[in-house]
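> have a look at this prediction, sequence included:
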Amino acid sequence: MQNKCIINNKEYNFNDGETILEVAQRNNIYIPTLCYLKKTGTPTGKCNICMVELRPSGELVHACLTKVEAGMNIITESDKCVAHRREVLEKLLALGYHDCPTCPIPGDCELQDLVWKYGAKGIDLTKKEKDYVVKYITPFIRWDSSKCVRCGRCIQACFDVQVNNAIRVYEVNGEAKKADRDDKVTSLFDSREYVERLKAEFTEPILPAPDENFCVSCGECVQACPVGALSSSYEWLGPKKWQMKKVQTTCSYCGVGCQLDLYVKDNRIFLVTGANEAPNYGSLCVKGRFGFRFISSDERLKKPLIKKNGQFTEASWDDALDFISKKLTEIKDQFGPDSIGVFTSARITNEENYLVQKFARAVIGTNNVDHCARL
Amino acid sequence: MAGLAAAFGSGAMTNNIGDLQNAEVILITGSNTTENHPVISTYIKRAVKFRGTKLIVVDPRGIKMTKFATKWLRQNLGTDIAWINGMMHVIIKEGLWDKKFVETRTEGFEELKKIVEKYTPEYVEKITGISRQDLIEAARMYAKAKSAAIVYTMGITQHITGTDNVKSLANLALLCGNLGIEGGGVNPLRGQNNVQGACDMGGLPNVYSGYQVVTNPDIRSKMAKAWGVANLPDKVGLKVTEMIPKALEKSIRALYIIGENPVLSDADIGHVRKAIESLDFLVVQDIFLTETAELADVVLPAAAFAEKEGTFTNTERRVSRVRKAIDPPGEAKADGDIIMELSYRMGYEMKYSSIEELYEEIRQVTPSYKGITYKELEKEGKFWPCPEVGHPGTPILHTEKFPIGKGKFHAIEFLPPAEQVDDQYPMWLTTGRILYQYHTGTMTRKVDGINKLAPECFIEMSPEDAEELGLKDGDLAEVESRRGKVKARVKVSDVARKGTIFMPFHFKEAPANLLTNPVFDPIAGIPEYKVCAVKVAKVA
């Protein structure tokens, strides 16, 4: 039985040091999580949703924290687990003000999915005092404190993935706690300090949120947030993710080549998230995540333009290309091919760059082809 | 790129991005990584935080990375060769260099040793302002690490000695055997999404795709055959920065400019504008009516990245797919389609039924891409060089040998920047990008939220300088160089060092490149954006 365990009555191998959650995920066995941010791989054991039952003792343990031992017999969806999860979820619902129709991400919420799965009951919102903050931390990041489940994923995302250290703990009325406002933004202090605070004060009205003085709008916290507490400002009024087509592509800003998921509807991009692929594994910067609206700008060029008497007039493709062909041929005939230069571009695709240099060399007949690499 | 090519035989990043996490020491110089390559900076910050990686930052500005640094050396502008030679002086003197690596894999060590002999920590301190103790400690830290990676960008290359600066960094890495190993390498981070790809595809005046030189008759005839033409030009062409002055002399008569805005991005743009206006014929193909497009005779509407299929190659040589998500607006077309149609009209048919078919031609004529098939890119990106199908790709270069055989040391003397401060222009100006905006702002300045976060140009200035000049945060000031004047608001910040101001170049209302000095690195043709002399005065 060395390095073998049983999950849901089936035998699995495990590696030394692996947690129950890791073995389960590796074998596509579902265990619900909320506070666990897979990307950091450092579980906090905060939300208690991942509790599984050990047989024969009947003990409930954290799947995210508990290391698998030889012969361990684990049940992931026993009645006891399910009852426990329902209780956890009901507490979470009571803690916030989960008015789902007013959420920016309805239908794309991990809490909502779990509530449906485990049949948890909500509270009567009409009887609850509504004392929450909705504000834009930056023009791109919307914070709605009524939705926060205090899972602490945003803290890990900000401190341990992006290492921007820009999350602070707030009281519910939105005032930052004084002690948390000192200038620690670039020091390497431990995210666990904050996560522990949330845990200790689980029932207290304190919440994490990015501090506008330090936040750089990378949106890592938005992507990590399981609920609608931290969302992209584009999600608020735009179509919902599940109503859109998703297309993976490569970012067009700097040279890192981050993989993006573009969300598209009616020939328009409404949202961008980081694709979970190399080299960025979901991370992005402010430009990649939020800087895509230029694509649908009204100022985009839509027709060829030919200048006549100092003024641009719209032209057909045939007229524009014939005119260029004629002028380039004239100049080539009169002054030679080396009197023409072509600037190809670090913004266009490999295939297009290949064609442009082929055009310069094989069609015009010059090696005067270069691009803005040096600038 | 020319610098690394001379030292190793290849100009690209030697190691991949993820490999930065394996470095014991990372030396960053001339890269404001958190602002210009934010996602790469996360790898470095995580390495420091979780893996105990020691970070050395050499930068005149107190950029965010310095807060993560074990050691921050703050050099005077344009003195990079001096501190790099100084580090090598210390490393050789203390016997910390990798003797086996130097002996078996490099050549030119004796000449290097001779040159760096005079770069004692005392001498270097005089030139660079870096204290001798800091230099010695940084040198030891770099040399003693089992693996140490160097990361740099335009702060190294945008100098008249840019190529020599790069060669100097290559010297340092060769000296300590930090090549061909995990966590090592010399890594230039590319600033534009497909600079690497544009170079790989032969968007350069001296090479076809895969860096096959145009002056080699065998390669020329291979390409001519592949393209079905009788012959191809055998003379190395002109660089961007050479074509512009040649336009003024009338030896360049027509320019066809794609996706570039030299009227805002080049040094001394007053001069650039004049040159472009003196052309007989200008075509600009872009997604917006840029400042350069306004000067064109014909403007062609192009598709943006999300509107087409193909591939980009990122800074770590990873070829990744670009996928079409939406149709271009109006009658705009993909750049490649436009070129094909124009080519046809000029009597040469480029006919491809799909991007995949075109990619296949590239693969056949480009040895470094030969083993990367379009189909496998559907799943994930792959690193070149990849010489045959089934090859796994090459994340780390030079593991066994260099493309030129042995790594070459270059013995290099320090040369001061072309322009020096004097009584009339007493302050240094350095330029660069900021996190929120991108290049000439053609894209980012069309995004509302970005414009709220970074609405205008600024002059970043140390508190000491501000006080001396009677300037407060937010005051309007005028910066003047020998070439022009620009007004912007003052941003008083500890990031700036005394005597040196910084300005971003994104803003057409306050174009920093009216001020910059159009002197070029003689080999790479890169302008000295990072150093010029200016004076600053309050606008009454």
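Yep, that arrived. No experiment lies behind these values; they were computed from the predicted model shown.
> can you list the domains in the chain?
This is for chain A. Per automatic domain parsing, the structural domains of chain A span A:4-77, A:122-296, A:336-375.
> sorry, should have said chain B
If you go by automatic domain parsing, chain B breaks into B:2-189, B:195-383, B:427-538.
> any idea how many residues pack against the residue nearest to B:Asp280 when sequence neighbours are not counted?
Leaving aside its sequence neighbours, B:Asp280 sits nearest to B:Arg253 (Cβ to Cβ, 6 or more residues apart in numbering or on different chains; 4.5 Å). Glycine gets a C-beta too; all of them are placed from N, C-alpha and C. For B:Arg253, the neighbour count with other Cβ atoms under 10 Å in any protein chain shown is 23.
> hang on, the earlier thing: pick the most buried one from the domains of chain B.
Mean neighbour count (mean count of other Cβ atoms under 10 Å in any protein chain shown) peaks for domain B:2-189 among the domains of chain B, with a mean of 22.
> reformat the domains of chain B into CSV and put mean pLDDT next to each item.
What follows is those, written out as CSV (pLDDT from 0 to 100):
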stretch, mean pLDDT
domain B:2-189, 96
domain B:195-383, 96
domain B:427-538, 93
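> put together CSV for those domains, with distance to A:Glu129 on each row.
Formatted as CSV, these follow (distance: least, Cβ to Cβ, whole Å):
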stretch, distance to A:Glu129
domain B:2-189, 40
domain B:195-383, 44
domain B:427-538, 33
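> which one of those domains lies closest to A:Lys127?
Set against A:Lys127 and scored by Cβ to Cβ, the domains of chain B come closest in domain B:427-538, at 37.6 Å.
> quote the end-to-end distance of the closest one.
14 Å (Cα to Cα, to the nearest Å).
> quick one: that domain near chain A?
Yes: using Cβ under 8 Å from any Cβ of the partner chain, domain B:427-538 reaches chain A at B:435-436, B:438, B:442-444, B:446-450, B:452-453, B:524-527, B:529.
> in strands, which of these fall?
Under the assignment DSSP state E, these contribute B:Pro527 to strands.
> before we move on, back to that, relative to B:Lys167, how far out is the residue nearest to B:Asp280?
Distance of B:Arg253 to B:Lys167, computed by Cβ to Cβ, to the nearest Å: 36 Å.
> with A:Lys241 instead?
Applying Cβ to Cβ to A:Lys241 and B:Lys167 gives a distance of 49 Å.
> same check, this time on B:Lys375
Here B:Lys375 is placed at a distance of 39 Å from B:Lys167 (Cβ to Cβ).
> and what of B:Ala149?
According to Cβ to Cβ, B:Ala149 stands 18 Å off from B:Lys167.
> ok, then the element right after the lowest-mean-pLDDT helix or strand in chain A?
Lowest by mean pLDDT, DSSP states H and E among the helices and strands of chain A is helix A:191-200, with a mean of 66. Using DSSP states H and E, the next helix or strand after helix A:191-200 towards the C-terminus is strand A:206-210.
> show me what that next one is packed up against.
Using 3 or more Cβ pairs under 8 Å, 6 or more residues apart in numbering or on different chains; DSSP states H and E, the elements in contact with strand A:206-210 are strand A:134-138, strand A:141-144, helix A:153-156, strand A:167-171, helix A:191-200.
> list the contacts of B:Asp280.
A:331, B:253-254 (Cβ atoms under 8 Å, 6 or more residues apart in numbering or on different chains).
> just send the residues you listed back as a markdown table, with distance to B:Thr315 too.
Below are those laid out as a markdown table (distance: Cβ to Cβ, whole Å):
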| residue | distance to B:Thr315 |
| --- | --- |
| A:Ile331 | 36 |
| B:Arg253 | 35 |
| B:Ala254 | 32 |
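> what lies in contact with stretch B:388-399?
With Cβ under 8 Å, 6+ apart, stretch B:388-399 has contacts from B:8, B:10, B:12, B:14-16, B:18-19, B:179-182, B:185, B:316-317, B:370-373, B:382-386, B:407.
> and it, how far from the chain's centre?
Centroid separation between stretch B:388-399 and its chain, computed with Cα atoms, centre = their mean, to the nearest Å, is 24 Å.
> in the stretch 201-350 of chain A, which spans are helices?
Per DSSP state H, counting those that start in this stretch, the stretch 201-350 of chain A carries helices over the ranges A:220-224, A:233-237, A:286-290, A:317-335, A:350-358.
> OK, contacts around residue 86?
No chain in the question, so chain A it is. If you count contacts by Cβ under 8 Å, 6+ apart, A:Arg86 has them with A:118-120.
> that's the wrong chain, I meant chain B
Per Cβ under 8 Å, 6+ apart, neighbours of B:Gly86: B:116, B:119-121, B:123-124, B:128, B:130, B:135, B:139.
> what about the residues you listed, which are in strands?
Using DSSP E, none of the contacts of B:Gly86 sit in strands.
> columns distance to B:Ala226 on top of those, output as a markdown table?
Listed next are the contacts of B:Gly86 as a markdown table, based on distance: Cβ to Cβ, whole Å:
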| residue | distance to B:Ala226 |
| --- | --- |
| B:Val116 | 46 |
| B:Tyr119 | 49 |
| B:Thr120 | 55 |
| B:Pro121 | 55 |
| B:Tyr123 | 54 |
| B:Val124 | 51 |
| B:Thr128 | 50 |
| B:Ile130 | 52 |
| B:Leu135 | 52 |
| B:Ala139 | 49 |
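> which of these sits closest to B:Lys508?
B:Thr128 (34.8 Å).
> ok, now which ones touch the closest one?
Residues near B:Thr128 by Cβ under 8 Å, 6+ apart: B:73, B:75-76, B:79, B:82-83, B:86.
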